[in-house]
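S.K.: Got a predicted structure here, sequence first:
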Amino acid sequence: MSGNPEQLRILLADAAGEIARHAARELAAALATMTGEQVLVRASSRVVRTALAIADGASAPSQPSQSPVGPDSFGISRTPAGITIEGNSESALLHGCYCLLEQLGARFSALSGPCLPRIE
């Protein structure tokens, strides 16, 4: 584990399923490309099964204030510790990860693959 307390990390539930784990890996890889920094993925008992928390190494995850409405809904919220993505299913969580990346400027194309801009 890195000694950098500012390093980004993505936290997912200890009991997360394969789709949530895939979402965390996809998000970590894209954020690493966009920031030029390694992004760690770690399991945490503080995160609910269909949520991911993005925080720096010095912050503890916190739960989102509102749950998304609808079977395939997701929500993205800022928390004091960082950003939380929560879905009503693991598939919704994956969609939430891609939505966050698009909000950060990423573009996805079936023909040319992802375009991930550099962010500071």
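M.R.: Nice, thanks for sending it over. Numbering: from 1, shown residues only.

S.K.: Would you tell me what the next helix or strand after the longest helix along the chain is?
M.R.: Longest helix of the chain, by residue count under DSSP state H: helix 18-35. Using DSSP states H and E, the helix or strand that follows helix 18-35 in sequence is strand 40-44.

S.K.: Dig out what Leu52 forms beta bridges with.
M.R.: Beta-bridge partners recorded for Leu52 (DSSP bridges): Leu12, Ile85.

S.K.: dump the residue contacts of it.
M.R.: Applying C-beta atoms under 8 Å, 6 or more residues apart in numbering, we find Leu52 in contact with Ile10, Leu11, Leu12, Ala20, Ala23, Ala24, Leu27, Thr84, Ile85, Leu93, Gly96, Cys97. Yep, even glycine has a C-beta here, placed from its N, CA and C like the rest.

S.K.: Repeat the analysis, applying 10 Å as the threshold.
M.R.: Neighbouring residues of Leu52 by C-beta atoms under 10 Å, 6 or more residues apart in numbering: 10-13, 16, 20, 23-24, 27-28, 41, 44, 61, 76, 83-87, 93-94, 96-97, 100.

S.K.: Burial check on Ala30, number of neighbours?
M.R.: 20 (other C-beta atoms under 10 Å).

S.K.: hang on, it packs against Arg107?
M.R.: No. Ala30 is beyond contact range of Arg107, at 11.4 Å (criterion: C-beta atoms under 10 Å).

S.K.: Could you pull out the residues contacting both of those two?
M.R.: The contact sets of Ala30 and Arg107 overlap at Leu101, Pro114, Leu116 (C-beta under 10 Å, 6+ apart).

S.K.: Quick check on the residues you listed: which are buried?
M.R.: Those of the shared contacts of Ala30 and Arg107 that meet the buried threshold are Leu101, Leu116, by 16 or more other C-beta atoms under 10 Å.

S.K.: which of the shared contacts of Ala30 and Arg107 lies closest to Ala51?
M.R.: Distance to Ala51 across the shared contacts of Ala30 and Arg107 (C-beta to C-beta) is lowest for Leu101, with 16.7 Å.
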